[in-house]
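[1] Quick one, what's the 3D model for this:
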Amino acid sequence: MRRILLILPLFLFASCISTGGGYVSFDKSEFYEIKVGGEDELGDEDLVEAEAEVSYFVSYPQLGVIEESDGVFEMTYNGCFVEFGEGLNYEAGLNDFVEIKRHDEGDVSYQAWYEDDILVRYGGLVDGYGYNFWLFDYENGVSDCILILEGMAESFTDKPFYYNEKFGFKVDLLSDYKLEYLPSGEGVLMKKWIEGVCADEWGEEYECGYKVEIYAMAFENMMGYVNLADFIANKYGGFSAEFADFGNGAGVFIDEGAGEDGIRHYFMMNANSSVIYEAYLKVPSVNYSAHKMGFDEFVPSFEIF
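    Predicted structure coming up:
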């Protein structure tokens, strides 16, 4: 099991919790990767090969801390404690004073435990995966932390993605990036820092790390461009255009140099030309070639609905 730092993560959630008179919100998250299988076990006589390694991902607040012990994980954030793992079930320890209420939301089945009208425990089971998420509290109840648990449980997946309801598009998330939601709901930013050591002409080493940014976003066609070709001609007439069709709508790649940065855009437009969709890579020009192919492989996951 390992933590994945996202410089963009998955995927996906913004939430808020009440904290004694105010609200603490978060719109930056990371993915935690849970690896299952993929190891060989030595038996008494034969070498037994385990199942192929599978990775699952769960999104959690970027300032949260996850610790693992014997396959059980605990995420701590802002006074909330979310425990999660495979097959966790605490109903066997129920007492007669607890009332349980249940409801379903998508692929997650929730249950709320009340004792003397106080929500003392809240859990969610991710259907199809067998992973449970639980909140615990021993004094004041867990009401303030419900949205955090729900965000984590509903993000649990074997392939993180982002869905934008406002503009009707979906895109895969890169699990080794950090995730930020753009402020007006137009999309997401994925970013990460690449460590590096360089040497000058005298052989002296120095740090030369750099930042990689990938945006996936949409915006209204306020200028009334008739089609994508019209938009490209007006905005990027001096740049070479590379048309592509990945089966989810025709799009155009544009390479743009911006000072010390190298930028590669990919644009699409919806059927009635009311919305323009964009994915773009921004990286120092000297490192552009190292990331161009990865960006081009990411672009086909951009789907318009």
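
[2] State the helix or strand in which Lys191 lies.
    strand 187-194 (DSSP states H and E).

[3] quick one, helices of the chain?
    Secondary structure of the chain, counting by DSSP state H: helices at 146-155, 228-235, 288-298.

[4] Quick check: which of those helices has the most neighbours on average?
    helix 146-155 (a mean of 22; mean count of other CB atoms under 10 Å). In short, each C-beta sits where N, CA and C put it, glycine included.

[5] other SSEs contacting it?
    Packing partners of helix 146-155 (3 or more CB pairs under 8 Å, 6 or more residues apart in numbering; DSSP states H and E): strand 15-18, strand 54-61, strand 80-86, strand 108-115, strand 118-126, strand 131-136.

[6] can you do 6 Å?
    Contact partners of helix 146-155 among helices and strands, from 3 or more CB pairs under 6 Å, 6 or more residues apart in numbering; DSSP states H and E: strand 15-18, strand 54-61, strand 80-86, strand 118-126, strand 131-136.

[7] For the first one, the averaged confidence score.
    Which is strand 15-18. Mean pLDDT, strand 15-18: 34.

[8] begin at 4 from here
    Got it, first residue is 4 now, which makes that one strand 18-21.

[9] okay, the helices of the chain in JSON lines with mean pLDDT and distance to Asp258 next?
    Output for those, formatted as JSON lines (pLDDT from 0 to 100; distance: least, CB to CB, whole Å):
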{"stretch": "helix 149-158", "mean pLDDT": "89", "distance to Asp258": "34"}
{"stretch": "helix 231-238", "mean pLDDT": "92", "distance to Asp258": "12"}
{"stretch": "helix 291-301", "mean pLDDT": "94", "distance to Asp258": "9"}
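
[10] want to throw those helices into a markdown table with distance to Glu36?
    Formatted as a markdown table, the helices of the chain follow (distance: least, CB to CB, whole Å):
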| stretch | distance to Glu36 |
| --- | --- |
| helix 149-158 | 13 |
| helix 231-238 | 37 |
| helix 291-301 | 18 |
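
[11] isn't Leu192 right next to Glu183, touching?
    Yes - the pair formed by Leu192 and Glu183 meets the contact definition of CB atoms under 6 Å, at 4.5 Å.

[12] Out of the helices and strands packed on helix 149-158, which gets the lowest mean score?
    Among the helices and strands packed on helix 149-158, strand 18-21 scores lowest, at a mean of 34.

[13] where does the residue nearest to Phe164 when sequence neighbours are not counted land on pLDDT?
    Nearest residue to Phe164, sequence neighbours excluded (CB to CB, 6 or more residues apart in numbering): Asp175, at 5.1 Å. We have a pLDDT of 89 for Asp175.

[14] Asp175 contacts Tyr165, correct?
    No - contact criterion CB under 6 Å: Asp175 and Tyr165 do not qualify, at 7.8 Å.

[15] Settle it for me: which of these two has more neighbours?
    Between Asp175 and Tyr165, Tyr165 has the larger neighbour count (other CB atoms under 10 Å), namely 22 against 19.
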